[in-house]
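**Q** What follows is a predicted structure for the sequence shown.
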Amino acid sequence: MDDDSISMVTSSAMTDDEVPKGPTVYFKTFGCRQNQYDTDYLKNLFRRRGYRVVEEGPADIVVVNTCAVTGRSAAKARQAIRAFARQGAKVVVTGCYSQIDPGQVADLPGVVAVSGVRGKGLALEALEEALRDGPGRTVVKVQPHEKTELFEEAFVERPTLTHAYLKVQEGCDDYCTYCIVPFARGPSRSRPLEEILKEAEKLIRMGKKELVLTGTHLGLYGPPPLSTLVKEICRLPGLVRLRLSSLEPHDVDEELLDCLRMPQVCHHLHLPLQSGSDRILRLMGRRYTLASFAKIAERARRIAPDLGLGTDIIVGFPGETDQDFQNTLRSLRDIGFSRVHAFRYSARPGTRAAALPGKVPEKEKSARLKEVLKVARELSLSFHRRYVGVPVEVLVEEELDRGMLTGVTRSYVRCWFYGKPDWAGELREVVPTKATSQGLIVARKDA
């Protein structure tokens, strides 16, 4: 189910013989890959306690793992919580939104238990306390972050996916002026190398073909440096692909770029630019300039000419003039991103940017967002067109419908093509016949 989907139909990804007979639990996840990782961990925790985890509802209990990166993210979580409450489910809320504002979350209808980011198992603990206490009380178990807190080890089993997220780091120390994530996720802490390698080995034995390294601020991983971690994982027998999730531009050094030469490392980077105006970047508290960002992209492409380069853009930051915005549009084209994730600036309580002057009207933010998304589609289409008629290697993920399969290339381009369902998990070479802004299509040979 996607982030905007609330409707629920009776179904389960597991058979009756594979699941316990306890209360049914459905998980709804908003936000980043870290949240998905945390949800996978919670699913396993609930299963071990005797709950029946369903992939679609209806369910006796719904666990909503929230995001708070923008005001809209929190609003979408509230909308989902109310919808599940109307369906009669007992709602457990966890994640960044409840870490930041547990009181507001606890007051929402249907909520029986609230936990935050720290103490992953507190979601289940709070729920079971609420069930013991009976109706009328919401149990809140949210622990404040501490500078000395350690990474919470949480091995996650994933029985079906061809890829797996491997969380290696948590938290952020940068405190960009617009960002609430450090308040929600806490200070940076990293998993020991030995624990990561142990989990990676287990995932490979489970048949995972692609591991995705993820963290709140992945570049802060260490010690050892992230480049060393990448090289150690690539030494593991049986690893097919290793992909890096989002990295801050100032964390990308020559040693990390050199990892793109390794055959297992995907030719894909996601580097948030946020703005093409150096003045706005300074107001945001970002630690790079447009010129230094462009040099990183140039060096990466010298190593991997087929590099897929994604980015994030914020429009309507306080003080952003039309000239600042035009600089952003120009930088998107000049750097030549393959994928752009853009969103309107949303003031988050407690951040420095919330007090900045020069607020941009919402109507202007929406107009600017529309322009960025138009450029984004053009850039994605241009990047995808280079692969039409060219053999590309695709990691097959699943069958969608009647022989239509889907998967991704090393450059993180989505492909749709026809084949056999048992190709899932295999690397297959296909020759795209059509490009769209969403990805590549391979025509049916008998069409």
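**A** Yep, that arrived. Since this is a predicted model, take the numbers as computed values, not measurements. Numbering: from 1, shown residues only.

**Q** tell me the SS of the residue lying closest to residue 253 once chain neighbours are set aside?
**A** The shortest distance from residue 253 to any residue other than its chain neighbours is 7.4 Å, reached at residue 227 (C-beta to C-beta, 6 or more residues apart in numbering). Just so you know, the C-beta spots here come from the backbone N, C-alpha and C atoms, and that holds for glycine as well. Recorded secondary structure, residue 227: helix (DSSP: H, G, I helix; E, B strand; the rest coil).

**Q** Select the longest strand from the protein.
**A** strand 392-401 (DSSP state E).

**Q** buried ones in the helix or strand that residue 279 is a member of?
**A** Using DSSP states H and E, residue 279 maps to helix 278-284. Within helix 278-284, the residues that qualify as buried are 278, 280, 281, 283, 284, counting by 16 or more other C-beta atoms under 10 Å.

**Q** And stretch 78-85, by the same measure?
**A** 78, 80, 81, 82, 83, 84, 85.

**Q** secondary structure element for the fifth one?
**A** Taking DSSP H and E as the criterion, residue 83 maps to helix 71-86.

**Q** so what does that helix touch, helix or strand wise?
**A** Counting by 3 or more C-beta pairs under 8 Å, 6 or more residues apart in numbering; DSSP states H and E, the packing neighbours recorded for helix 71-86 are strand 61-66, strand 90-95, helix 96-100.

**Q** now the second one and strand 61-66, what's the angle there?
**A** This means strand 90-95. 20 degrees (axes from the mean of the first three to the mean of the last three C-alpha atoms, to 10 degrees).

**Q** and which of the buried residues of helix 278-284 is nearest residue 55?
**A** Distance to residue 55 across these (C-beta to C-beta) is lowest for residue 284, with 38.6 Å.

**Q** That closest one against residue 276, yeah?
**A** No: the criterion here is C-beta atoms under 8 Å, and residue 284 misses it with residue 276 at 12.0 Å.

**Q** hmm, back to that, show me the contacts for the residue nearest to residue 253.
**A** 253, 255, 256, 258, 259 (C-beta atoms under 8 Å, 6 or more residues apart in numbering).

**Q** Of the residues you listed, grab the buried ones for ChimeraX.
**A** To isolate the buried ones among these in ChimeraX, judged by 16+ other C-beta under 10 Å, type:
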select :256,259
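
**Q** Helices - which of the contacts of residue 227 land there?
**A** 255, 256, 258 (DSSP state H).

**Q** Redo those residues as CSV? Include distance to residue 237 and pLDDT.
**A** CSV is the format used below for those (distance: C-beta to C-beta, whole Å; pLDDT from 0 to 100):
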residue, distance to residue 237, pLDDT
255, 24, 98
256, 23, 98
258, 22, 98
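
**Q** Residue 121 - how many residues pack around it?
**A** 15 (other C-beta atoms under 10 Å).

**Q** same question but for residue 388, I mixed them up
**A** 14.

**Q** Let me know the secondary structure of it.
**A** Relying on three-state DSSP, one would call residue 388 coil.

**Q** before we move on, back to that, want to try TSV for the ones in helices among the contacts of residue 227, with distance to residue 442 as columns?
**A** Converted to TSV, the ones in helices among the contacts of residue 227 look like this (distance: C-beta to C-beta, whole Å):
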residue	distance to residue 442
255	37
256	33
258	33
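
**Q** just to revisit the earlier point, which one of the buried residues of stretch 78-85 is nearest to residue 211?
**A** The closest of the buried residues of stretch 78-85, once distances to residue 211 are taken by C-beta to C-beta, is residue 80, at 29.5 Å.
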